[in-house]
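Student: Output the structure for:
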Amino acid sequence: MKYTKKNICIVNKKVIMISLSALICISSVACTDNKKKDSQVGKATVERTEDFSDVRMAKIIGPQQAILKFTTANKASSIISLELKKVNNKFLYFLDGVTKTKENQILTIDASNGNIIKTENKGPLGKGNNKFIDFATTLDLKDAIEKATPYTKDANVNIVESYSFYNKDGKNLYKFNFTNAAENEKELIKKTIIIDAETGKEYIESKDNKNSKESNNTDTEDTKSKKSTPTGE
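Tutor: Predicted coordinates for the structure are as follows:
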């Protein structure tokens, strides 16, 4: 075969086309791999976030709506306690209350949609067991969390994993379970803070559940640091 200018041009065009095709294939593979990696990273991030979802950020119904589910179902009732926590990666409300017929009943509510998924009847309420929540003068959830957070004495321990709301010794109380959501288990910190639901002050429970009282200590790490820092001479 004689290599004329025309033949050389045709060969060069074929070489260029093959090279372009190869580059396109390589680019496509690289993009696909990057997308897979990005997807995996994104999925891992979502899973880590989901593991430590803050109740304030979760797409769920509020405590008032959960309580309304109980009162509507029973037409008239009193609430002994309310708890919100994650079970099998899903937020659930547990409402312990009393029906208009004085029966103790516990409702489990799917916090994502408000559906009642379980009803437990515990029978007649025992005598003297009338520690019901008084909602008249209590802090709302947002304000209660703001009051409770400084008592962790750690600015990084500010994620609320779960909480409960109940009455004890004639006081309405919030119990918050805080975490710093550290990925390293050795660095993971969890703290439980109880506050008076009316005053927002920390409530200290004794080990034998007697002589529990409000704490007068409202110092955070910052205020302690300021107090311990000597003034200039």
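Student: where does this structure dip in pLDDT?
Tutor: Scanning the chain for pLDDT under 70 picks out 1-52, 76, 127-130, 207-233.
Student: how does it look with 80?
Tutor: For the chain, applying pLDDT under 80 flags the ranges 1-53, 74-77, 126-130, 205-233.
Student: Domains in it, by residue range?
Tutor: As assigned by automatic domain parsing, the chain contains the domains 1-51, 54-131, 133-226.
Student: Contacts only, for Phe70.
Tutor: Residues near Phe70 by CB atoms under 8 Å, 6 or more residues apart in numbering: Ser77, Ile79, Leu95, Gly97, Gln105, Leu107. In short, each C-beta sits where N, CA and C put it, glycine included.
Student: which of those residues has the most neighbours?
Tutor: Using other CB atoms under 10 Å as the neighbour criterion, Leu95 leads these with 25 neighbours.
Student: thinking that residue is in contact with Gln65, fair?
Tutor: No: using CB atoms under 8 Å, Leu95 is not in contact with Gln65; the gap is 11.2 Å.
Student: Ala73 and Gly114 touch, don't they?
Tutor: No: with contact defined as CB under 8 Å, Ala73 does not reach Gly114; the gap is 11.4 Å.
Student: Residues that sit against both of those two, list them.
Tutor: What both Ala73 and Gly114 touch, as defined by CB under 8 Å, 6+ apart, is an empty set.
Student: now Ala144, nearest residue through space, not along the chain?
Tutor: Nearest non-adjacent residue to Ala144, counting by CB to CB, 6 or more residues apart in numbering: Tyr174, 4.7 Å away.
Student: Tell me, how many residues neighbour that neighbour?
Tutor: 23.
Student: That one pairs with what?
Tutor: Phe165, Ile195 (DSSP bridges).
Student: Show me where the protein has its helices.
Tutor: Listed in chain order, the helices of the chain (DSSP state H) span 5-51, 63-74, 141-148, 221-228.
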